[in-house]
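K.L.:
Below are the sequence and a predicted model for it; my questions follow.
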Amino acid sequence: MIEPTRAQQLIAESAAILKKDAPLQTRLQQLMQHLHDQLPHYHWVGIYWLEGDTLVLGPYVGPPTEHTRIPVGRGVCGTAVAENANQIVEDVRLRENYLACNLETRSEIVVLIRHPETGAIIGQIDVDGTEVGAFDQSDEAFLTAIAQQIAASLPVEGAVSVGKIKP
Ligand code: SME
């Protein structure tokens, strides 16, 4: 749950971070850190990039995870791609197709990052919370705005070269 005014502030701050004169990886890492630090229910927050039929872990903040590569269809992350749909999981203990990153996690949200023009899935923002039901549609709307900013900040040529955006 995130208040609309707080979401607007953070969206503006995110734009400022992404506009900085720094390498993309640095800006994305700073953005993950900012979301983690500003939103107490964002216990683990990170980006997975879709490369072929595998999700590859990018910048993240939170406890280390062994899930650095996730096949499409596996876990909450892989399901989001397979179903072409964001995921909000109230209680991960009730979900069969779930990959545990750390034992404290109780809820999770995955919001897809899409190509600004084609809508193709480029990656996703994944957030874990330690409370049951930590995330709702307000988080989904907020993270969708952040995902759009991230997609727009990927330089097309650079993104093409690393397989993030198809020309
Ligand atoms: N829980 C995810 C795996 C990624 S970690 O949460 C960082 C899943 O089920 O796909």
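P.N.:
Now that the structure is in, tell me what you want to look at.

K.L.:
For beta bridges, what are the partners of the residue most central in space within the chain?
P.N.:
The chain has residue 125 as the residue nearest its centroid, 0.6 Å off, counting by Cα atoms, centre = their mean. Beta-bridge partners recorded for residue 125 (DSSP bridges): residue 47, residue 111.

K.L.:
Now do the contacts for it.
P.N.:
45-47, 110-111, 113, 143, 146-147, 150 (Cβ atoms under 8 Å, 6 or more residues apart in numbering). Using the backbone N, CA and C atoms, a C-beta is placed for each residue, glycine as well.

K.L.:
quick check, nearest of the residues you listed to the ligand?
P.N.:
Proximity of the contacts of residue 125 to the ligand was ranked by Cβ to the nearest ligand atom; the top entry is residue 46 with 6.3 Å.

K.L.:
Next, count neighbours for the closest residue to the ligand within the chain.
P.N.:
Of all residues in the chain, residue 75 sits closest to the ligand, at 2.4 Å by Cβ to the nearest ligand atom. Residues lying near residue 75 (other Cβ atoms under 10 Å) number 22.

K.L.:
Please renumber the chain so that the first residue is 92 from this point on.
P.N.:
Sure thing, new numbering starts at 92, so read that last one as residue 166.

K.L.:
List phi and psi for the closest residue to it other than its chain neighbours.
P.N.:
Nearest residue to residue 166, sequence neighbours excluded (Cβ to Cβ, 6 or more residues apart in numbering): residue 190, at 3.6 Å. Dihedral pair for residue 190: phi -110, psi 120, per degrees, to the nearest 10.

K.L.:
What number of residues are in the vicinity of residue 190?
P.N.:
Residue 190 has 16 nearby residues by other Cβ under 10 Å.

K.L.:
what sits up against the biggest helix by length in the chain?
P.N.:
Ranked by residue count and defined by DSSP state H, the top helix of the chain is helix 228-244. With contact meaning Cβ under 8 Å, 6+ apart, helix 228-244 is reached by 92-95, 98, 101-102, 105-106, 109, 115, 118-119, 122, 126, 138, 177, 179, 200, 202-207, 213, 215-216, 218.

K.L.:
do stretch 162-174 as well
P.N.:
Contacts for stretch 162-174 (Cβ under 8 Å, 6+ apart): 139, 141, 144-146, 158, 161, 177-178, 180, 183, 186, 188-190, 199, 201, 203, 212, 215, 217.
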